[in-house]
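A.B. asks: Have a look; sequence and predicted model below, questions after that.
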Amino acid sequence: MYRRVCAAVLLIVCAWQAARADELKVHANRLYLPVTINGVKAEALLDSAAEGTFVDPKLATKAGIKPEHSQTAKGAGGSTEVLMAKNVSIDAAGVKLTNMTVALLDMTELSKLVQTDLQIILGREFFDAREWKSTLPEGRSRGSTGQ
């Protein structure tokens, strides 16, 4: 687990060529980034393993995001019903994501777990939006190419 966290941290930190280094915040071994969602400023937890982006309903209301239908979200912690919303825009670290579909998920319990007011989990769409490169320990290099 420690190696996975270190590798993820290296991948993300080394990738921010378009963003200032002081934009990233580390809290309880997790990385956070300031974002703008539908014009509202917020802070997002970066999760390269999340297949989608999740938004807390309180923030969704502030950002004018309206749910359209429900769906079952499945992850490492189990499954839960979420509301889905379309036409969401997120700007983060020079990456502009438009016409996104996001899941609305009450993050009250997750906020307790990560010891911060969790508003957004920024998932795979963010990482797929551009090329990210990193140099890992022992001189090995790995990279992923965006779409």
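C.D. replies: Received, thanks.
A.B. asks: From here on, just use CA atoms for contacts and neighbour counts.
C.D. replies: Will do.
A.B. asks: For this protein, which segments count as helices?
C.D. replies: Here the chain has its helices, by DSSP state H, at 2-15, 57-62, 108-114, 124-128.
A.B. asks: Show the average pLDDT along the last one.
C.D. replies: For helix 124-128, the per-residue pLDDT values average out at 90.
A.B. asks: now the third one
C.D. replies: Here the mean pLDDT over helix 108-114 is 91, rounded to a whole number.
A.B. asks: And the first one, by the same measure?
C.D. replies: Mean pLDDT, helix 2-15: 48.
A.B. asks: now stretch 91-103
C.D. replies: Averaging pLDDT along stretch 91-103 yields 93.
A.B. asks: Quick check, E125 in contact with G52.
C.D. replies: Yes: at 6.7 Å, E125 counts as touching G52 under the criterion of CA atoms under 8 Å.
A.B. asks: Show me the beta-bridge partners of the residue nearest to the spatial centre of the chain.
C.D. replies: Closest to where the C-alpha atoms of the chain average out (CA atoms, centre = their mean) is L122, at 1.4 Å. Taking DSSP bridges, one obtains L46 as the residues bridged to L122.
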